[in-house]
Structures are given as structure tokens and as C-alpha cells.
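Novice: one predicted model, sequence on top.
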Amino acid sequence: ENKIKVISKVNPVISQGARKKEDQFDFNKDADMFVCPAGHLAVRKATQGKKGDNVNQVKTYYFDVEKCKQCPLREGCYKPGAKTKSYSVSISSQTHLDQIAFEQTQEFKEQSKHRYKIEAKNAELKNVHGYDTAMSYGLTSMQMQGALAIFTVNLKRILKLL
């Protein structure tokens with residue numbers, strides 16, 4: 001609504017995924033299914049999560065448990081007694097896709113060069129002036145603590161410049 005742009009990189013878990021290379025299953029484009037490291041094709045897939053809620057949906061691929069029981073690579077993959085074996089892949093929401101695209105623009109690259117200054121000031125407020133935890137309860141007390149911490153930081157800056 002307000003045309004505010006976030007100058008912060010998306011967490012690599014969202015943009016690249018969290019799996020190590022050796023843990024990844026292969027995707028078979030022809031079957032539109034994943035294949036486990038032993039070469040077994042998933043038997044069905046399902047999409048989970050609400051659509052359009054700015055929450056990442058998950059596509060889950062299910063494998064035949066009977067094949068997993070006899071598989072030579074079942075160690076660390078199939079848990080004995082499990083009723084299902086699945087592999088899930090997160091589908092990025094439109095908000096995340098838009099932010100990842102924005103990260104590639106020249107505007108983002110220019111603006112992110114100045115971010116370290118803001119982060120340094122936030123770190124000073126938090127670590128040096130006690131803005132990391134509230135000293136008392138209530139929104140008014142929190143606002144007072146914030147105002148005093150920011151006033152102190154600004155006063156230190158003024159004295160330093162003089």
C-alpha cells in the first residue's frame with residue numbers, strides 16, 4: 001500500500017533451500033515426480049497449505065514403503081515401522097518471489113550498501129544501551145525506554161561531532 005521496499009536479503013533457506021547436495025532427491029520431469037537416491041519413483045504427490053495466504057505451500061511426494069523396506073539405501077532414509085515415506089519441497093510464495101527478483105535490481109544493490117550503517121546503530125542501541133530487553137511492562141514504558149536510548153545515542157553523536 002505505502003510502496004515500502006525491504007532492503008534485506010531473503011534468508012538462504014527460502015531462496016536456495018536447506019538440503020545438502022547429497023540429501024537431495026532427483027526430479028523426473030517426464031513423470032513430474034521425485035526419484036529417491038535408490039532410483040524409486042514417488043507414487044503420488046499432494047500440495048499442502050493454503051493457497052494465496054502469503055505462506056509457502058509444500059508439495060509432498062510419497063514413496064512406496066514396501067520398496068523402502070527392501071532398499072539397500074534405507075539406512076538413514078527409512079525409519080523401521082513407518083507407514084509412509086515422503087519428501088517435501090517448499091513452493092515459494094509470491095511475496096518471496098517478488099523479493100528475490102527485487103534483490104537482483106540495481107536499486108536494491110545501491111540501497112543495501114548503506115544498510116551496514118543502520119545495523120551498526122541498531123547494534124549499539126541493543127548491546128550498549130540496553131534496548132534488547134524491556135526494563136518494565138507496558139507499551140508506554142517501552143516507548144519511554146526507546147526514546148531515552150535513542151536520545152542517548154544522538155547526544156553521544158552530537159558530542160563526538162563537537
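Specialist: On my side now, so go ahead. Residues are numbered from 1 along each chain as shown.
Novice: please report phi then psi for the residue nearest to Pro72 when sequence neighbours are not counted.
Specialist: Nearest residue to Pro72, sequence neighbours excluded (Cβ to Cβ, 6 or more residues apart in numbering): Ala38, at 6.9 Å. The way it works is simple: take the backbone N, C-alpha and C, and place the C-beta from them, glycine included. Per-residue torsions, Ala38: phi -80, psi -10 (degrees, to the nearest 10).
Novice: my guess is Lys67 contacts His40. True?
Specialist: Yes: with contact defined as Cβ atoms under 8 Å, Lys67 counts as touching His40 (5.0 Å).
Novice: residues touching the residue nearest to Pro72, list them.
Specialist: By Cβ atoms under 8 Å, 6 or more residues apart in numbering, the residues touching Ala38 are Cys71, Pro72, Leu73.
Novice: now tabulate these in JSON lines and tack on pLDDT.
Specialist: Rendered in JSON lines, the data for the contacts of Ala38 read as follows (pLDDT from 0 to 100):
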{"residue": "Cys71", "pLDDT": "84"}
{"residue": "Pro72", "pLDDT": "83"}
{"residue": "Leu73", "pLDDT": "79"}
